[in-house]
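Q: I'd like to go over a predicted model; first the sequence, then the structure.
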Amino acid sequence: MKKIAKRIIDAMSIGVMTFGIVLGVNALTKKTELKIEKTEPELKEWHFDGATNPSNNDVSDATQYSEGKSSTCPGLAQTACNLNAPETSPSSGVIDLNYMVPGTSQTVQQRIQSAISSSTPNETVESFRAN
């Protein structure tokens, strides 16, 4: 009787070990997908103020922009007036001229230059003004 009980216990031990090995192997073979969603920053409206001295106007200088839209943009396409672009960081109040514009391989600054040279608005530059 003792031999039968010992064999039953041995068989159960082997069964439990086998079950543990199967669970361990199964856990190692399961693949978990890590899904990373890239969120685009919020675009804001900006107005190119320029420098105090118009001869120092520089569309590549982030300090010469202010947040908001201007309604006083005459149609002369000498420089940018109203734009859409994100901030450098949330609530910074500084336009991010290095932001890569989706659907293009260009930065905000490059899209501004492109709009000015072609005298045509694009997804970044909405309107123009005189220097």
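A: Received it, and whenever you're ready, just let me know what you need. Residues are numbered from 1 along each chain as shown.

Q: ok, longest helix in the chain?
A: helix 2-29 (DSSP state H).

Q: Quick one: the strands in this protein, in order.
A: For the chain, strands defined by DSSP state E occupy the ranges 44-48, 65-67, 79-80, 82-85, 128-129.

Q: Need those strands in CSV (columns: distance to Ser13 and mean neighbour count).
A: No exception for glycine: its C-beta is placed from N, CA and C like everyone else's. Output for the strands of the chain, formatted as CSV (distance: least, CB to CB, whole Å; neighbours: other CB atoms under 10 Å):
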stretch, distance to Ser13, mean neighbour count
strand 44-48, 68, 21
strand 65-67, 72, 15
strand 79-80, 78, 22
strand 82-85, 68, 22
strand 128-129, 83, 20
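
Q: want to try a markdown table for these, with mean pLDDT and distance to Leu23 as columns?
A: Below are the strands of the chain laid out as a markdown table (pLDDT from 0 to 100; distance: least, CB to CB, whole Å):
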| stretch | mean pLDDT | distance to Leu23 |
| --- | --- | --- |
| strand 44-48 | 93 | 53 |
| strand 65-67 | 93 | 58 |
| strand 79-80 | 90 | 63 |
| strand 82-85 | 94 | 53 |
| strand 128-129 | 88 | 68 |
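
Q: Same list (those strands) but as JSON lines, adding distance to Ser55.
A: Listed next are those as JSON lines, based on distance: least, CB to CB, whole Å:
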{"stretch": "strand 44-48", "distance to Ser55": "15"}
{"stretch": "strand 65-67", "distance to Ser55": "18"}
{"stretch": "strand 79-80", "distance to Ser55": "12"}
{"stretch": "strand 82-85", "distance to Ser55": "22"}
{"stretch": "strand 128-129", "distance to Ser55": "16"}
